[in-house]
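[1] Fold the following for me, if possible:
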Amino acid sequence: MTLPVLYSLRNCPYAMRSRLAIFRSKQAVELRDVVLTDKPPQMIAASSKATVPILVLASSKVIDESLDVMLWALGESDPNNLLRTDSSTNESVSSNQTMGAIKLEDIRNLVALFDREFIPCLDAYKCAKRYHESNLQECRQACEVYIQQLEQRLSSHAYLIDDEESMADIALLPFIRKFAKVERQWYQQSPYLNLRRWLNRYLQSAMFNKVMAKYPLWSLGQPVIKFGDF
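    Got it, this is the predicted structure:
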């Protein structure tokens, strides 16, 4: 059986969210870890974007946007109902499907908001810290507008959408992890208790350790590295 091929970079948040979704889908892929300063020609040939993640399916179809990789993985297999598409036996099917559709829309809207607005603020915040710019506090406060929204959600339930993990949690996780690392001391003393608890739960989980495991860089001819929770 030919496995889908995933070109990935261990610490890239976009690649990380893709691996998280593949892991949660309980599927296997051939993992090819790369560095962007020495991109393999096979990766460049697969996608002219030549940035991770790039997923090449057995059919030769190429998926090169992280959210599309997540949706493909969970569309193929979603045992934990991260897309909220499963119906419950405790309610009428139509009622539960309506609730699932509402939650899926919430998932999509939340992820889109953070991708569109929070990530540019996070990039500016990281640059301000790295280059010792005078607007560090302003950049952090711009991020906090969105962090406060997550804190509010997590004050009502254990995860971002409800009391169970959804795709929104694993899509945002890598970027919240980066936010927490910009000013570690400030973050640890910040008022975002629920967010810190949510993030720590992930960072200390067996799943996260497996998703973040370090593999040899890929080169042509090396043994196949299978990745996933299979």
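[2] going forward, measure contacts between C-alpha atoms and count neighbours the same way
    Will do.
[3] Give me the below-cutoff pLDDT ranges for this protein.
    Residue ranges of the chain with pLDDT under 70: 87-96.
[4] one more time with 80, if that's ok
    By pLDDT under 80, the low-scoring segments of the chain are 1, 86-97.
[5] can you give me the helices in it?
    13-25, 41-46, 66-76, 93-113, 119-130, 136-154, 167-182, 184-188, 193-203, 206-211 (DSSP state H).
[6] Let me see the residues that make contact with the shortest one.
    If you take C-alpha atoms under 8 Å, 6 or more residues apart in numbering as the criterion, helix 184-188 is touched by 180, 181, 196.
[7] ok, the last one to residue 125 distance?
    Applying C-alpha to C-alpha, to the nearest Å, one obtains 19 Å for the distance of residue 196 from residue 125.
[8] Give me the more crowded residue out of the two.
    Neighbour totals were compared for residue 196 and residue 125, and residue 125 leads with 24 against 18 (other C-alpha atoms under 10 Å).
[9] Nearest residue to the more buried one in space, ignoring adjacent ones along the chain?
    Distances taken as C-alpha to C-alpha, 6 or more residues apart in numbering place residue 139 nearest to residue 125, at 4.9 Å, with adjacent residues excluded.
[10] Surely that neighbour is in contact with residue 128?
    Yes - Residue 139 is within contact range of residue 128, at 7.3 Å (criterion: C-alpha atoms under 8 Å).
[11] Contact partners for residue 13?
    With contact set as C-alpha under 8 Å, 6+ apart, residue 13 has these partners: 174, 175.
[12] Apply 6 Å and report the result again.
    If you count contacts by C-alpha atoms under 6 Å, 6 or more residues apart in numbering, residue 13 has them with residue 174.
[13] in stretch 143-152, what's buried?
    Applying a neighbour-count criterion of 16 or more other C-alpha atoms under 10 Å, one finds 143, 144, 147, 150, 151 buried in stretch 143-152.
[14] Distance to residue 53 added to those, as CSV?
    Compiled in CSV, the buried residues of stretch 143-152 are given as follows (distance: C-alpha to C-alpha, whole Å):
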residue, distance to residue 53
143, 25
144, 27
147, 25
150, 26
151, 29
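[15] what two of those are the furthest from one another?
    In the buried residues of stretch 143-152, two members sit farther apart than any others by C-alpha to C-alpha. They are 143 and 151, at 12.5 Å.
[16] shared neighbours of those two, anything?
    By C-alpha under 6 Å, 6+ apart, no residue touches both residue 143 and residue 151.
[17] gap between residue 45 and residue 54?
    When C-alpha to C-alpha is applied, the distance between residue 45 and residue 54 equals 11 Å.
[18] who has more neighbours, those two?
    Ranked by neighbour count (other C-alpha under 10 Å), residue 45 and residue 54 place residue 54 first, with 25 against 10.
[19] That one against residue 65, yeah?
    No - in this structure residue 54 lies outside contact range of residue 65 using C-alpha atoms under 6 Å: 7.2 Å.
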